[in-house]
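Chemist: Next come a sequence and a model predicted from it.
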Amino acid sequence: MTTAVTVRWLGSTRFLGLPSSGPPIPINFLPEDSLPPRETYAGPMPAGPEGPTPGPKPTELLLIAAGACTGLDIVSLLGKQRVEFTGLEIEVRGERATDWPRVFTDIEVVYRLAAAPTALPHLERAARLSMEKYCSVSLSLSARKSFRCEVVPDRGGPSS
């Protein structure tokens, strides 16, 4: 069984978790940082067979937390290296065991950075450091972890 979520960087230390079964989840690492107005990311509640879905599944929240945690590492490490970028999207996919307690057995993280192609080696280094040393959420999970990095054309967006 696969669970997948997306985490989008909104600028500074703000991220937006996008589960498949609920509304977007704002993530803010510093309380003094203000969130964008809710109407910039709120959408209609998705509907399921029993009406509107009240929120994301706990397993989605876990993957969103891992994506936001590693995303903050990426933003910080790239900033220290003076790598210019305008967007970051992180897709986190987790494979779960078929037997209970159906823990995550494999987690893949895909980083998509809006930047010049020369940013790729910097992104790969930052991703490796995050996944192996800094991201407390993903390091707390016993699943096998892998990642891949992509640099996509810079289309403008949040800047650090």
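Modeler: Everything's here; your move. Numbers count the residues shown, from 1 in each chain.
Chemist: could you pull out the helices for this structure?
Modeler: Ranges of helices within the chain are 58-80, 120-129, 136-139, based on DSSP state H.
Chemist: quick one, the first one and helix 120-129 angle?
Modeler: In other words, helix 58-80. With axes from the mean of the first three to the mean of the last three C-alpha atoms, to 10 degrees defining the directions, helix 58-80 sits at 130 degrees from helix 120-129.
Chemist: Leaving out sequence neighbours, find the closest residue to residue 18.
Modeler: Leaving aside its chain neighbours, residue 18 sits nearest to residue 6 (4.3 Å; criterion: C-beta to C-beta, 6 or more residues apart in numbering). For the C-beta atoms, the positions are set from N, CA and C on the backbone; glycine is no exception.
Chemist: Next: residue 117.
Modeler: residue 151 is the one closest to residue 117 (C-beta to C-beta, 6+ apart), at 5.5 Å.
Chemist: can you count the residues close to residue 118?
Modeler: Residue 118: 10 surrounding residues under other C-beta atoms under 10 Å.
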